[in-house]
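Asker: For reference, the sequence and a predicted model appear below.
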Amino acid sequence: MREYSFKEIESKWQEKWASKNIFKTENSVEGKENYYVLEMLPYPSGKLHVGHARNYAIGDVIARYKRMKGFNVLHPMGWDSFGLPAENAAIQNGVHPALWTKSNIDNMRRQLKMIGLSYDWDREIASYTPEYYKWNQWIFKKMYEKGLVYKKKSTVNWCPECQTVLANEQVEDGMCWRHSKTPVIQKDLEQWFFKITDYSEELLKGHEELKEGWPEKVLTMQKNWIGKSYGTEINFKIAETGENLPAFTTRIDTIYGVSYAVIAPEHPLVEEIVKANPSIREAISNMKNTDMIERTAEGKEKNGVFTGWHIINPVNGEKVQLWIADYVLMNYGTGAVMAVPAHDERDFAFAKKYDLPIKVVINPIDKETKKEIAIVADEMKNAFVGSGIMTNSEEFNGMTSKEALTKVAEFIENKGYGMRTTKYRLKDWGVSRQRYWGTPIPALYCEKCGVVMENDENLPVKLPTDVEFTGNGNPLETSESFKHAVCPKCGGEARRDTDTMDTFVDSSWYFLRYCDPKNTDLPFSKEIVDLWSPVDQYIGGIEHAVMHLLYSRFFHKVLRDMGLISTNEPFKRLLTQGMVLGPSYYSVAENRFLYPEDVTIKGEKAFLKTTGEEVVVKIEKMSKSKNNGVDPEIMIDKYGADTTRLFIMFAAPPEKELEWNENGLAGAYRFLTKIWRLIFENKEFMENGEVNYNLLTKEDKALVRKLHQTIKKVTESIEADYHFNTSIAATMELINEAQDFKTNILEAGKGSSESKKIFGEVMKNVVIMLSPFTPHFCDELWAEMGNEGYLYNETWPEHVEALTIADEIVVAVQVNGKVRGSVEVDRNISKEELEELALNIENVKKHLEDKTVAKVIIVPGKIVNIVVK
Ligand code: ANZ
Ligand code: ZN
Ligand code: ZN
């Protein structure tokens, strides 16, 4: 028998698949339905990590399975290859970002190929190529023409280290996400924005279309991010100037409790206020300089200053102080808040700090007595934010606050004090980055014509090569050839915009480019994209729940509104795979995470080899900083791609966390060698040919039944949320039965004329059903069993329902309701025959002695109850 030498086998089949180009996908195939499987576009950091490996292995199983189910499958791969790390490498090592990126891509592509993934490499794309980013610019222009791109001055989060703008999500606890020790500062810059807020409502409504196929968790995260609030915009009058000050509130029921008002430090009124009261200028500029996240964080100390001005509450004519405070943001609502400290936590904290009045307008209801409890403002420790009974609110007193929410709003509208509105938390998407390694923004500035977009025929605006990477500022500013350009409108001198686009732009439409990756006239042809869109199954990490997935949905809708595609949503089904966990070893004495090779493991405990210190063992997400990652390439080298894939699929369902352990890998390897041996050593027991089901023995039938039950189970587990671990477990059971059958029937010479055909049939199906998981291994065995071609092109088996049901059934026999025995009978046995058999069971006969049978009740297929006197 040949050894299972996985290295040879894996490279042999990888070469065969590549040379025959079997994964090449046509855009349509007669008689086949299209199916699009996609894994999230990776960033080419240079080395595959285990999270990637899991992501792609899952996608590959789905792609191969769907293909075998008769679909025409699109399964592409590419590179999200713009972004900071390449530029940082350029700064540190002097390599041009393009070279660094290319060599990373080459290495990662090589690693992907080692895993045996079924990608159509002819469709590979890389966002750093001009062929790709040209279309970012083209789409940017189209969006500009549609009024979906605009420029505005805005306060941005700025990392002095990165010398770039950070998105709010890139600020963690006031620090840069890449530089955990660098505080983020605020800076005013002219920025380009995408008007994603035009789509707020549609992005929310689209959830209807997605709720079948997307995890609820992701939809909830997007919903919160969009943050729709129903409320009222109410006008206050400024006592000193008579000007209007609109404020947005979601709690108009608390209008009689307003005891001061607040505006954001960026509010347009502030300038006028400072003119009237210059002494507060400095306090205001200090507020502006704390970052946005910190300013709004719950429990954060709030800072403010009294303006000297007052506002008048329209419902009762009360005059209260107007403040400026950092907890109010300019870009939400109207940038002004009617403060109700009795019923809002932030207002309460602020009122306590600055000794502002607190007025109760809602009393809670006692849970037991159902009576109103009058609360006293002076004694409050916290705001009362719940609902209750209205008080101190004139005609609304005694009403429930829930009811008052509508009643007060109606009152306000009738009086003309304000209007009910909805607000969204979602902000426009700032896309300007002061960086080199990204898509140049195709805008120019001309003295005569102002802002002008580059002509289509001059796209792409390519990244120049005469730049310096010093680590300070934007390298594009150092390129004279880039900065000085010709105005596309008047032909005069113009200055090119030196900002590049957020790399999320690249990944917002790449799934459409895969459909038509070589198109030079358009980003993609509509006819072709219509054959594939939406992506049937998208797979990636939960970390992309908001930004990438929301931006892609936004782009998709914009492109649809431009008439470039027909569908509303980019991804029909989304699978967010779980994290990969591994043990980390932390030494308290040395205050560092150790590498696994530095420790000795004894049972659950681990000790530092050099000192013998017991170290802290934790199972947690694999990461560089904890030294607990595994290198997929090393695993593949040691166990083979098939074993690694099998382990990944078997150890946990895709959406759950996966705990990496080498024992599991070794187990997967043993399982494969068992099948290997079973097939190699028993060729004499495997026959091909039609099985004649009329000639089967009881044991033959049992194995046939197990086969069909397994096909059913494996298929159903894949179809239902890709529970591959269940599929593999079912196949393992079938193999065990087949092995017993071989030993007890075939080797013992007890088989029928059909037994070898059945055994052959079982082993053939095992190999087919395992092939999406362990494709090289299965193709090898497939050939060994005398077959031609590749399992990728085989048809997935279908079970026959009738064959999953046993002919024999076991019927319990009772005497006066007590079980006294059982009989195994043919499912179709007649009542008379069954009664006869039941009455003749020895133990039953004993209980019938000296008694007369009154009647026999038969529950078909289950029970025979003999009633005696
Ligand atoms: C009065 C009030 C009383 C409020 C009360 C709440 C409780 P959501 O639900 O998240 O939309 N607000 C309005 N604009 C703001 C801004 N620019 N910056 C900071 N806070 C702002 O939040 C709406 C509530 O947040 C509004 O309702 C307002 O405070 C505050 F017992 O108005 B409320
Ligand atoms: Zn930084
Ligand atoms: Zn001009």
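Answerer: Everything's here; your move. Numbers count the residues shown, from 1 in each chain. Ligands and ions are numbered 1, 2, ... in the order given.

Asker: all contacts plus neighbour counts: C-alpha atoms, from now on.
Answerer: Fine.

Asker: On the three-state scheme, the closest residue to A264 other than its chain neighbours is what?
Answerer: Leaving out its chain neighbours, the residue that sits closest to A264 by CA to CA, 6 or more residues apart in numbering is V328, at 4.8 Å. Here V328 is recorded as coil under DSSP: H, G, I helix; E, B strand; the rest coil.

Asker: Touching, V328 and G335? I think so.
Answerer: Yes - between V328 and G335 there is a contact under CA atoms under 8 Å: 6.4 Å.

Asker: intersection of neighbour lists for those two?
Answerer: 263-264 (CA atoms under 8 Å, 6 or more residues apart in numbering).

Asker: Who has more neighbours out of those two?
Answerer: Higher neighbour count among V328 and G335: V328, with 25 against 20, using other CA atoms under 10 Å.

Asker: what phi and what psi does the backbone show at that one?
Answerer: The phi/psi pair for V328 (degrees, to the nearest 10) reads phi -100, psi 130.

Asker: dump the residue contacts of it.
Answerer: Contacts of V328 by CA under 8 Å, 6+ apart are 262-265, 296, 335-337.

Asker: quick one on the thing from earlier: quick check: the residue nearest to A264 vs G418, distance?
Answerer: In this structure, V328 and G418 are 20 Å apart, going by CA to CA, to the nearest Å.

Asker: what does E410 give?
Answerer: Taken as CA to CA, the span from E410 to G418 is 10 Å.

Asker: The two: which is more packed in?
Answerer: Each of E410 and G418 has its neighbours counted (other CA under 10 Å); G418 has more, 21 against 15.

Asker: For that one, name its beta-bridge partners.
Answerer: I234 (DSSP bridges).

Asker: Where does the stretch 51-200 of the chain get nearest to ligand 1, which residue?
Answerer: S200 (14.3 Å; CA to the nearest ligand atom).

Asker: I meant to write the stretch 651-800 of the chain there.
Answerer: Ligand 1 sits closest to E655 of the stretch 651-800 of the chain, with a gap of 31.0 Å, by CA to the nearest ligand atom.

Asker: Same check on the stretch 501-650 of the chain?
Answerer: Closest point on the stretch 501-650 of the chain to ligand 1, by CA to the nearest ligand atom, is V546, at 17.9 Å.

Asker: those helices in the stretch 301-450 of the chain, which residues are they?
Answerer: Under the criterion DSSP state H, counting those that start in this stretch, helices of the stretch 301-450 of the chain are mapped to 345-354, 401-415.

Asker: Same list (those helices) but as TSV, adding mean pLDDT and distance to Y256.
Answerer: Converted to TSV, those look like this (pLDDT from 0 to 100; distance: least, CA to CA, whole Å):
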stretch	mean pLDDT	distance to Y256
helix 345-354	96	15
helix 401-415	97	10
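
Asker: who wins for proximity to E614 among those helices?
Answerer: Shortest distance between E614 and the helices of the stretch 301-450 of the chain, using CA to CA, is found for helix 345-354: 46.3 Å.

Asker: contacting residues for N816?
Answerer: Taking CA under 8 Å, 6+ apart, we find N816 in contact with 865-868.

Asker: Angles on the backbone of it, please.
Answerer: Backbone torsions of N816, given as degrees, to the nearest 10, read phi 50, psi 40.

Asker: same check, this time on the one 4 residues further on
Answerer: Backbone torsions of R820, given as degrees, to the nearest 10, read phi -120, psi 0.

Asker: That one touches K845, doesn't it?
Answerer: No - contact criterion CA under 8 Å: R820 and K845 do not qualify, at 9.4 Å.

Asker: of the two, who's got more company?
Answerer: R820 (19 against 13).

Asker: Please read off the pLDDT at the more buried one from the model.
Answerer: The model reports R820 with a pLDDT of 94.

Asker: Now do it against D850, distance only.
Answerer: R820 is 17 Å from D850, by CA to CA.

Asker: Can you give me the buried ones in the helix or strand in which V856 is found?
Answerer: Assigned by DSSP states H and E, V856 belongs to strand 853-859. Using 16 or more other CA atoms under 10 Å as the test for burial, strand 853-859 gives 856, 858.

Asker: How about residues contacting that strand?
Answerer: Contacts to strand 853-859, defined as CA under 8 Å, 6+ apart, come from residues 831, 835, 864-869.

Asker: ok, back up a step: any idea which of the contacts of V328 is least confident?
Answerer: For those, the least confident entry is T296, with 64.

Asker: State which helix of the chain is the longest.
Answerer: helix 698-719 (DSSP state H).

Asker: I'd like to check the angle between the helix or strand following that one and helix 698-719, please.
Answerer: Downstream of helix 698-719, the next assigned helix or strand under DSSP H and E is helix 724-741. Helix 724-741 and helix 698-719 are oriented at 170 degrees to each other (axes from the mean of the first three to the mean of the last three CA atoms, to 10 degrees).

Asker: Report the contact partners of W782.
Answerer: By CA under 8 Å, 6+ apart, the contact list for W782 reads 764, 767, 788, 791.

Asker: and V262, which of the three is it?
Answerer: Strictly by three-state DSSP, V262 counts as strand.

Asker: Can you name the residues that contact it?
Answerer: 322-325, 328, 336-339.

Asker: Next, work out how far apart it and I311 are.
Answerer: Distance from V262 to I311, by CA to CA: 10 Å.

Asker: hmm, back to that, the contacts of V328 into JSON lines, with extra columns for distance to V615?
Answerer: Listed next are the contacts of V328 as JSON lines, based on distance: CA to CA, whole Å:
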{"residue": "V262", "distance to V615": "53"}
{"residue": "I263", "distance to V615": "53"}
{"residue": "A264", "distance to V615": "50"}
{"residue": "P265", "distance to V615": "51"}
{"residue": "T296", "distance to V615": "40"}
{"residue": "G335", "distance to V615": "52"}
{"residue": "A336", "distance to V615": "54"}
{"residue": "V337", "distance to V615": "53"}
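
Asker: And the residues you listed, which is closest to N55?
Answerer: For the contacts of V328, the residue nearest N55 by CA to CA is T296; the value is 35.6 Å.

Asker: follow-up on the earlier one: since we're on the residue of the stretch 651-800 of the chain closest to ligand 1, how many residues are nearby?
Answerer: Neighbour count of E655, defined by other CA under 10 Å: 19.
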